[in-house]
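A.B. asks: Have a look at this fold, sequence not included:
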């Protein structure tokens, strides 16, 4: 593939064109490594190393000169068949062109283009074709508010922006419509109605009354759930999840792949990164490691069929992106990152443990905690790799994680119940924040703040053998309960 263009054989799977990664690498003599047991293929083009995982919409590209990994989202997940991984042709071709300047040219492109021009005969076929069309971002503006719409693999993102403050809004969901009500300044125009015929959204309309404006977002039967985030005083972001990941009944081979057989335990901080320093010189990294190792030991002793993978087993500094990489490379089914909390002033309050899910923080406290944990990147050689993780990109990441989110939420709920019943540290609940360490783990995952090292009672308890054993046992019992739940879910899928 020394030229700018090259031909490659394509295979039609469903309504899309795919290519074999193995054939692609072999045909152009790219150095490649296949680990089909872990459902991964890695190959090298010029200065880039590209890793593809089966049944996954994400491709990881690492620049060998900078060692900086970047994750890209394909239009559709890859497909595993014939002990090989097939990747969507059009997405992969665009990705190669943007990164290497090389273009793939399919002998079937002309035929595929002709097929797209054929009008489906039945309404059902027409809807299916429209739903699968790649989405072009849509932008609509008015003097009051503007909004843009773009589709992702597993949902639709709507960004609402206004030059006026969106200081108050309410929302509801009824009769397949998301309604968001705003305060509206006098004499400002609303966007005109806009109708979509593809994706989750069936149509959008605006209405006004008195000093209010309401946007109604009509959704189709692909709708699964939605969330609304206020990024700042002038911007709301609506994520609408679809059912793309609610696949047909899995085969026995797929169930085997999803078997709950690997847990990844991540002791936060380590090495030159001490984490928070608390009362009586309580050091966070030491507590994190002690609790993590105790949890791992309980799993090894009592759940023989489950492999424990540690991101670190000693006082070593591990970069945040590598922690998720370790989890993915070991095909983890659950990722638990253990930390301790703190406040700037050492005092008797606040206290208690918290369990976090990967979503943008909704409170200033959650945002502050995420910023502190994310500040670890200052110890890394190339912190610039995280620059693109803005608040909006965290929302996109949480959309990408939506296929795992219900399991993350369930584990958090189970773990909170076990800790409430068996531990002396009080619960501060299950919360949401944008943690870098959770971004890379493509599996159900939580970040656990065991307690406050700046609180006298929490600190003494977390430092003690009794406290660490109690916390570790509660986490282990939660894992055990979750394993039973997870296994039943997979069997009944």
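C.D. replies: Nice, I can see it. Just so we're clear, the structure is a prediction, and the values are computed from it rather than from any experiment. Residues are numbered from 1 along each chain as shown.
A.B. asks: CA atoms for contacts and neighbours, from now on please.
C.D. replies: Noted.
A.B. asks: can you pull the buried residues of stretch 328-342?
C.D. replies: Within stretch 328-342, the residues scored as buried using 16 or more other Cα atoms under 10 Å are 328, 330-342.
A.B. asks: Output the longest helix belonging to this protein.
C.D. replies: The helix of greatest length in the chain, counted in residues with DSSP state H as the criterion, is given as helix 465-492.
A.B. asks: thinking again about what came up before, narrow the buried residues of stretch 328-342 to those in helices?
C.D. replies: In helices, judged by DSSP H, the following of the buried residues of stretch 328-342 are found: residue 328.
A.B. asks: I'd like to know which elements the longest helix of the chain is packed against.
C.D. replies: When contacts are defined as 3 or more Cα pairs under 8 Å, 6 or more residues apart in numbering; DSSP states H and E, helix 465-492 sits against helix 284-302, helix 402-422, helix 456-463.
A.B. asks: tell me which residues in the second one are buried?
C.D. replies: The reference is to helix 402-422. Along helix 402-422, the positions that meet the burial threshold by neighbour count (16+ other Cα under 10 Å) are 402-405, 407-409, 411-416, 418-420.
A.B. asks: From those residues, pick the one nearest residue 277.
C.D. replies: The shortest separation between residue 277 and any of the buried residues of helix 402-422 is 23.8 Å, and it belongs to residue 419 (by Cα to Cα).
A.B. asks: if we can go back for a sec, same list (the buried residues of stretch 328-342) but as JSON lines, adding distance to residue 238.
C.D. replies: Converted to JSON lines, the buried residues of stretch 328-342 look like this (distance: Cα to Cα, whole Å):
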{"residue": "328", "distance to residue 238": "29"}
{"residue": "330", "distance to residue 238": "34"}
{"residue": "331", "distance to residue 238": "31"}
{"residue": "332", "distance to residue 238": "30"}
{"residue": "333", "distance to residue 238": "29"}
{"residue": "334", "distance to residue 238": "27"}
{"residue": "335", "distance to residue 238": "27"}
{"residue": "336", "distance to residue 238": "28"}
{"residue": "337", "distance to residue 238": "28"}
{"residue": "338", "distance to residue 238": "30"}
{"residue": "339", "distance to residue 238": "30"}
{"residue": "340", "distance to residue 238": "32"}
{"residue": "341", "distance to residue 238": "30"}
{"residue": "342", "distance to residue 238": "32"}
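A.B. asks: Turn the buried residues of stretch 328-342 into CSV, columns for pLDDT.
C.D. replies: CSV is the format used below for the buried residues of stretch 328-342 (pLDDT from 0 to 100):
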residue, pLDDT
328, 83
330, 89
331, 85
332, 89
333, 91
334, 93
335, 93
336, 94
337, 93
338, 96
339, 94
340, 94
341, 91
342, 89
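A.B. asks: Show residues contacting stretch 472-484.
C.D. replies: Outside stretch 472-484, the residues that touch it by Cα atoms under 8 Å, 6 or more residues apart in numbering are 260, 291-292, 294-295, 298-299, 410-411, 414-415, 418-419, 422-423.
A.B. asks: 7 Å instead, please
C.D. replies: The contact list for stretch 472-484 (Cα atoms under 7 Å, 6 or more residues apart in numbering) reads 260, 291, 294, 295, 298, 299, 411, 414, 415, 418, 419, 422.
A.B. asks: Can you mark which positions in that stretch are buried?
C.D. replies: In stretch 472-484, counting by 16+ other Cα under 10 Å, buried: 472, 473, 474, 475, 476, 477, 478, 479, 480, 482, 483.
A.B. asks: hmm, which two among these are most spread apart?
C.D. replies: It's 472 and 483 that sit farthest apart of these, by Cα to Cα, at 16.3 Å.
A.B. asks: hang on, isn't residue 358 packed against residue 431?
C.D. replies: No: at 9.0 Å, residue 358 and residue 431 do not qualify as touching, with contact defined as Cα atoms under 7 Å.
A.B. asks: which SS class is the spatially most distant residue from the centre of the chain?
C.D. replies: Distance from the C-alpha centroid of the chain, by Cα atoms, centre = their mean, peaks at residue 187 (41.1 Å). Secondary structure for residue 187, judged by DSSP: H, G, I helix; E, B strand; the rest coil, is coil.
A.B. asks: Tell me which of the buried residues of stretch 328-342 fall in strands.
C.D. replies: Using DSSP state E, 334, 335, 336, 337, 338, 339, 340, 341 are the members of these that sit in strands.
A.B. asks: Could you check how far residue 221 is from residue 472?
C.D. replies: When Cα to Cα, to the nearest Å is the yardstick, residue 221 and residue 472 sit 43 Å from each other.
A.B. asks: swap that for residue 200, please
C.D. replies: Relative to residue 472, residue 200 is positioned 42 Å away (criterion: Cα to Cα).
A.B. asks: Could you pull out the helices in this structure for me?
C.D. replies: Going by DSSP H, the chain shows helices at 21-27, 89-100, 109-117, 123-131, 252-257, 284-302, 320-329, 364-374, 391-400, 402-422, 436-439, 456-463, 465-492.
A.B. asks: what's the most distant pair in the ones in strands among the buried residues of stretch 328-342?
C.D. replies: The distance between the two most remote of these (Cα to Cα) is 21.9 Å, for 334 and 341.
A.B. asks: Where does pLDDT dip in the stretch 51-200 of the chain?
C.D. replies: Scanning the stretch 51-200 of the chain for pLDDT under 70 picks out 66-69, 71, 73, 75, 99-141, 151-154, 192-199.
A.B. asks: try 90
C.D. replies: Regions of the stretch 51-200 of the chain meeting the criterion pLDDT under 90 cover residues 51-175, 181-200.
A.B. asks: next one: the stretch 251-400 of the chain
C.D. replies: In the predicted model of the stretch 251-400 of the chain, residues 251-259, 273, 276-281, 318-332, 342-350, 357-400 satisfy pLDDT under 90.
A.B. asks: what's the span of stretch 266-274, first residue to last?
C.D. replies: Using Cα to Cα, first and last residues of stretch 266-274 are 15 Å apart.
A.B. asks: Show me the contact partners of it.
C.D. replies: Residues from elsewhere that reach stretch 266-274 (Cα under 7 Å, 6+ apart): 275, 283-285, 288-289, 292, 310-312, 315-317, 336-339.
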